[in-house]
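Visitor: Need the 3D shape of this:
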Amino acid sequence: MRVLLDENLPHGLAPLLVGHEVLTVHQLGWAGLKNGELLRQAQGRIDAFLTLDANLEYQQRLVGMPFGVAVLHAPSSRMHDLRTLVPVLLAALEVLAPGDVCHIRA
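Guide: All right, here's what the predicted structure looks like:
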């Protein structure tokens, strides 16, 4: 699965997503794009978008997107807080379908 990490997630999360091709917003030169433009740019390039932005689904129309969105809920964006979510996230990525929004909690 082609996964895109939002700019609010650390790059160190990428190697933990074993079995997935992980890109970051920074790698693609999309840092600073507004959410709507970012999501438009990602269409056709990814299968899943990962973010810490819990408001994304209320600010953007995600139904009908050609990729799924996983919202991670952690106390911070530090790796020690995110690492505990990885097993749940990996399981969710296995079933995440286009247009789905799932919330990942420990």
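
Visitor: and the helix or strand bottoming out on mean pLDDT in the chain, which residues are buried?
Guide: Counting by mean pLDDT, DSSP states H and E, the chain has its least confident helix or strand at helix 56-59, which shows a mean of 92. Neighbour-count burial for helix 56-59, counted by 16 or more other Cβ atoms under 10 Å, picks out residue 56. (C-beta placed from N, C-alpha, C; glycine too.)

Visitor: Next SSE downstream of that helix?
Guide: strand 68-72 (DSSP states H and E).

Visitor: ok, the residue nearest to residue 84 when sequence neighbours are not counted - contacts?
Guide: Computed as Cβ to Cβ, 6 or more residues apart in numbering, the closest residue to residue 84 that is not its neighbour in sequence is residue 106, at 4.7 Å. Residue 106 is in contact with 74, 84-85, 88, counting by Cβ atoms under 8 Å, 6 or more residues apart in numbering.

Visitor: So which of these belong to helices?
Guide: Under the assignment DSSP state H, these contribute residue 88 to helices.
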